[in-house]
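A.B. asks: fold the following.
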Amino acid sequence: MASVSQSPVTFSGSLSSATPASDLLRSSMNGVNGVPLKTLGKGHVGHGRKGLNIVAKVRKVKKHEYPWPQDPDPNVKGGVLSHLSPFKPLKEKPKPVTLEFEKPLMDLQKKIIDVQKMANETGLDFSDQIISLENKYQQALKDLYTHLTPIQRVNIARHPNRPTFLDHVFNITDKFVELHGDRAGYDDPAVVTGIGTIDGRRFMFMGHQKGRNTKENIQRNFGMPTPHG
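C.D. replies: Down below sits the predicted model:
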C-alpha cells in the first residue's frame, strides 16, 4: 500500500504538458506518483504564471485506542472484542452516597461493625449482641422499604450509585456491539442501542444511558434524550 510522509508534499507541472491529470494523481505499487484525492481536496492549489502548483499536508489524527486495547488478552471470555463500546470502567470507584432516610440503617450497620471489631480485639463473646443488632437491622430494612413515600422512591430511582443501562448490558451479555447514528443525522448520547448475545442468542438492546459522575452526565445530557434520540 502506498504511504505519504508527514512532511508537506509539493507537485508542480506545466498546464501545457501532455501528461493527463489522471497520471499525475495515480499511485503506483513502488511509491507515490501523485496525491491521494482526499488529500488533494484538502490541499492548497495555486495557479502561477508558469504552471500549476499543488501543496498538500497529511493531517495528523489522534489514534483512537478504545475500545481496541493496545495489549488485549487473547484468553478473555468471548474474544478480544467481546464488548465493543466506548463505555469503560471508571478509573476511581464512585463515592458511596447515603440518602437521608437511609441514615438510621447506616447507624445500625456501624454499631454491628463496632461490636464485631471489639469482639475480635478483646476475645470476648458478643454473639448475642451481634445477633440482636442484626435482627433489628433486618426488621428496620424491611419496614423502611415496604413503606416508602413517593419522593423516597424517586430518590432511590435517581441514586448516584445506581447501575446504568450499559452496566446491566455488560453483565448479562456474552458479546455486545454498540450502534451509533447513520452519519446523516444526530447521534444522541443519552440513548444507547446495540446488539448483544446471551447464551448464543442475539438480542437488540435499547435504553437511556445516564452518567456515573458529573463529567459523564454532561456528555450524556443527564440521560435526557433529544427528539433525534
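A.B. asks: what about the helices in this protein?
C.D. replies: Ranges of helices within the chain are 21-24, 37-41, 103-122, 127-146, 150-157, 165-172, 214-219, based on DSSP state H.
A.B. asks: reformat those as TSV; add mean neighbour count, mean pLDDT and distance to residue 91.
C.D. replies: Every residue, glycine included, has its C-beta placed from N, CA and C. Formatted as TSV, the entries for the helices of the chain read as follows, by neighbours: other Cβ atoms under 10 Å; pLDDT from 0 to 100; distance: least, Cβ to Cβ, whole Å:
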stretch	mean neighbour count	mean pLDDT	distance to residue 91
helix 21-24	12	49	50
helix 37-41	12	48	36
helix 103-122	13	91	27
helix 127-146	13	92	32
helix 150-157	11	92	26
helix 165-172	15	92	16
helix 214-219	12	90	11
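A.B. asks: save those as TSV, and put in distance to residue 189 too.
C.D. replies: Formatted as TSV, the entries for the helices of the chain read as follows, by distance: least, Cβ to Cβ, whole Å:
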stretch	distance to residue 189
helix 21-24	43
helix 37-41	28
helix 103-122	34
helix 127-146	33
helix 150-157	21
helix 165-172	12
helix 214-219	6
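A.B. asks: among those helices, which comes closest to residue 201?
C.D. replies: Nearest of the helices of the chain to residue 201, taken as Cβ to Cβ: helix 165-172 at 11.9 Å.
A.B. asks: count the neighbours of residue 179 for me.
C.D. replies: For residue 179, the count of nearby residues is 15 (other Cβ atoms under 10 Å).
A.B. asks: what bridges to it?
C.D. replies: Using DSSP bridges, the beta-bridge partners of residue 179 come out as residue 193.
A.B. asks: pLDDT score for it?
C.D. replies: The confidence metric pLDDT takes the value 89 at residue 179.
A.B. asks: surely it touches residue 194?
C.D. replies: Yes. Residue 179 lies in contact with residue 194 (Cβ atoms under 8 Å); the separation is 5.3 Å.
A.B. asks: what pairs with residue 197 across the strands?
C.D. replies: If you apply DSSP bridges, the partners that residue 197 bridges to are residue 175, residue 202.
A.B. asks: hmm, residue 173 and it touching each other?
C.D. replies: Yes. Counting by Cβ under 8 Å, residue 173 is a contact partner of residue 197 at 6.2 Å.
A.B. asks: shared neighbours of those two, anything?
C.D. replies: residue 203 (Cβ atoms under 8 Å, 6 or more residues apart in numbering).
A.B. asks: that older thread, and residue 225, which of the helices of the chain is closest to it?
C.D. replies: Between residue 225 and the helices of the chain, the tightest spacing by Cβ to Cβ is seen for helix 165-172, at 12.0 Å.
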